[in-house]
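**Student:** Mind looking at a prediction? Sequence and model below.
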Amino acid sequence: MKCFVCHGDNGEGGAVWAGSIQGFSDISPAVKDGVGTMDSIAMSDAEIVKVQAFLDNNAPANPDGKVIYAQECAGCHGKDGKGLRRRGFQLRYKDDGYSTFQTRTGRSLYAFSDSPNGMPAFTDAQVSDTHLNEMWDWLNSLPNESTDEGLYLQFCGNCHGVDGRAIEVERNIDGATDFNGDVRNGHNAGQYDARTRFMSKWDASQISDQELSQITSHVSQL
């Protein structure tokens, strides 16, 4: 009907909105009033009921973390966690503790232009700890980027920006040639609320020495 262009043939996510709306509890307010960047749509009550039934019938019976991710996160962070410009950051940086902290507390320091209030906090009632851990396991199972720039954006870009000039931390790293110790040891480990002074630490199972060399090569040329 009128929804597949943005939401995909079965509501699983499409080119305009990557998030799944399968099983979405009540589409009526969004259809009639619009939501976010979505305008209202001229549909009769009977048509809305039919679309709702279609989405309910396509919803997975026992959703796991990957399904919950598609429903709650993919709309801003992309189907594969690589982030979407002007909506949400890359999520494949492999620090599950930090990811959980951001999910539970939300993110308002850096507001995206299409999301002026930043990211809301999600309670356990909305997304359980079990589903969160399943999300991280799935995202962590995806292969790392292969290019120098791709690896940099995956592990560093969220905090240091695409050009190495910090967007949420206190240190610019553009042109740096030696930060292996920082990557392996991190800063203020586990102190996630010390946002401008915290840095994750990654071992060789998460970022290999070769991948770290690639990241260094990219940063040195910024």
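**Tutor:** Ah, there it is. Numbering: from 1, shown residues only.

**Student:** residue contacts, the residue most central in space within the chain?
**Tutor:** Centroid-nearest residue in the chain, with C-alpha atoms, centre = their mean: residue 77, separated by 3.2 Å. Neighbouring residues of residue 77 by C-beta atoms under 8 Å, 6 or more residues apart in numbering: 83-84, 87-91. C-beta here means a position set from N, CA and C on the backbone, and glycine is covered the same way.

**Student:** what helix or strand does residue 183 sit in?
**Tutor:** If you go by DSSP states H and E, residue 183 is part of helix 180-185.

**Student:** should've said residue 54
**Tutor:** Per DSSP H and E: helix 45-58 holds residue 54.

**Student:** what's that helix in contact with?
**Tutor:** Here helix 45-58 has contacts from 1, 3, 10-12, 21-24, 26-28, 31-32, 43, using C-beta under 8 Å, 6+ apart.

**Student:** what about 7 Å?
**Tutor:** Under the criterion C-beta atoms under 7 Å, 6 or more residues apart in numbering, residues 1, 3, 10-11, 21-24, 27-28, 31 lie in contact with helix 45-58.

**Student:** picking that back up, from the contacts of residue 77, which shows the smallest pLDDT?
**Tutor:** Least confident by pLDDT among the contacts of residue 77: that is residue 87, with 80.

**Student:** That one: how many residues sit nearby?
**Tutor:** 19 (other C-beta atoms under 10 Å).

**Student:** My guess is it contacts residue 74. True?
**Tutor:** No: contact criterion C-beta atoms under 7 Å: residue 87 and residue 74 do not qualify, at 10.3 Å.

**Student:** domains for this structure, by residue range?
**Tutor:** 4-58, 65-141, 148-220 (automatic domain parsing).

**Student:** how near is the residue at the greatest distance from the centre of the chain to residue 32?
**Tutor:** Distance from the C-alpha centroid of the chain, by C-alpha atoms, centre = their mean, peaks at residue 46 (34.9 Å). Distance of residue 46 to residue 32, given as C-beta to C-beta, to the nearest Å: 13 Å.

**Student:** Lovely, talk soon.
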